[in-house]
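A.B. asks: missing the sequence, but the structure's below:
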């Protein structure tokens, strides 16, 4: 807003300087207004607005929508698109204007957007629904579940002292297909995230204890899940 006010003031100053002074570079004293100038927007233009999504854009194209063949081929990329939105809020056109993905992912992007994207239509200066456009982007990235696709085991050892503070934290065992992010987190800080509660003996006195924490994950086909085509 301050930039707009500055530009408006600069324009007003330029208009008050005679043309011959502007051409010759002659300095001419100019009265600068104390208050910033206001640029008035016509009433009819205040009602105009672009189309508004009726649902979250991240739900239009999800990780579960990855085409199996594109996944197997390692296809990835960013698809930037323009949608034509009708006066009823429906998508009537989709155009990919820039993409680092493959033609198959470009086509799948538009197919899903036509099927799922719905809008409150854009409006003209009189507040009437009109056909308009909407621009967005989809990132196709081959991401694995947080716990990975395989099985793994991590054992962490540490000491809880009499004040409940963890110390001497270390990873004593790691095996299996550990996801990179989980491995980095444990290597960086294997200690428990919370401190302050000590162990106690039979008489209720705080005591130090050595602890071994075992974290194991195993993934397998779901017994209740229906088989998908291509599995």
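C.D. replies: The structure has been received and is ready for your questions. Just so you know, these numbers come straight off a predicted model, no measurement behind them. Numbers count the residues shown, from 1 in each chain.
A.B. asks: okay, and residue 154 sits in which element?
C.D. replies: Under the assignment given by DSSP states H and E, the secondary-structure element containing residue 154 is strand 152-160.
A.B. asks: which positions in that strand come out as buried?
C.D. replies: Residues 152, 154, 155, 156, 158, 160 are the ones in strand 152-160 that count as buried (16 or more other Cβ atoms under 10 Å). Yep, even glycine has a C-beta here, placed from its N, CA and C like the rest.
A.B. asks: for the nearest residue to the third one once chain neighbours are set aside, give me its contacts.
C.D. replies: In this case it means residue 155. When the adjacent residues along the chain are set aside, residue 155 lies closest to residue 173, with 3.8 Å between them (Cβ to Cβ, 6 or more residues apart in numbering). Contacts were defined as Cβ atoms under 8 Å, 6 or more residues apart in numbering; by that measure residue 173 touches 153, 154, 155.
A.B. asks: distance check, the spatially most central residue of the chain against residue 51.
C.D. replies: What sits nearest the mean C-alpha location of the chain, by Cα atoms, centre = their mean, is residue 58, with 8.3 Å. When Cβ to Cβ, to the nearest Å is the yardstick, residue 58 and residue 51 sit 18 Å from each other.
A.B. asks: and residue 114, how close does it get to residue 68?
C.D. replies: Counting by Cβ to Cβ, the gap from residue 114 to residue 68 is 21 Å.
A.B. asks: okay, helices next: where are they in this protein?
C.D. replies: Taking DSSP state H to define them, one finds helices in the chain at 2-16, 19-24, 68-72, 103-116, 180-188.
A.B. asks: return the set of buried residues in the shortest one.
C.D. replies: Under the neighbour-count criterion of 16+ other Cβ under 10 Å, helix 68-72 has residue 70 buried.
A.B. asks: which other helices and strands contact it?
C.D. replies: Identification of packing neighbours for helix 68-72 by 3 or more Cβ pairs under 8 Å, 6 or more residues apart in numbering; DSSP states H and E yields helix 103-116.
A.B. asks: quick check, residue 87 in contact with residue 119.
C.D. replies: No - in terms of Cβ atoms under 8 Å, residue 87 does not count as a neighbour of residue 119; the distance is 10.4 Å.
A.B. asks: of those two, who's got more company?
C.D. replies: Relative neighbour count places residue 119 above the other of residue 87 and residue 119, with 20 against 16, counting by other Cβ atoms under 10 Å.
A.B. asks: next, residue 48: phi, psi?
C.D. replies: Residue 48 adopts backbone torsions of phi -70, psi 140, taken as degrees, to the nearest 10.
A.B. asks: per-residue pLDDT of the closest residue to it other than its chain neighbours, please?
C.D. replies: Beyond its immediate neighbours in the sequence, the residue positioned closest to residue 48 (Cβ to Cβ, 6+ apart) is residue 125, lying 4.7 Å away. pLDDT, the model's per-residue confidence, is 89 for residue 125.
A.B. asks: go on, residue 147?
C.D. replies: pLDDT at residue 147 comes out at 75.
A.B. asks: ok so, going back, direction included, what does the strand holding residue 154 pair up with?
C.D. replies: Here strand 152-160 has these sheet partners by DSSP bridges: strand 166-176 (antiparallel), strand 209-217 (antiparallel).
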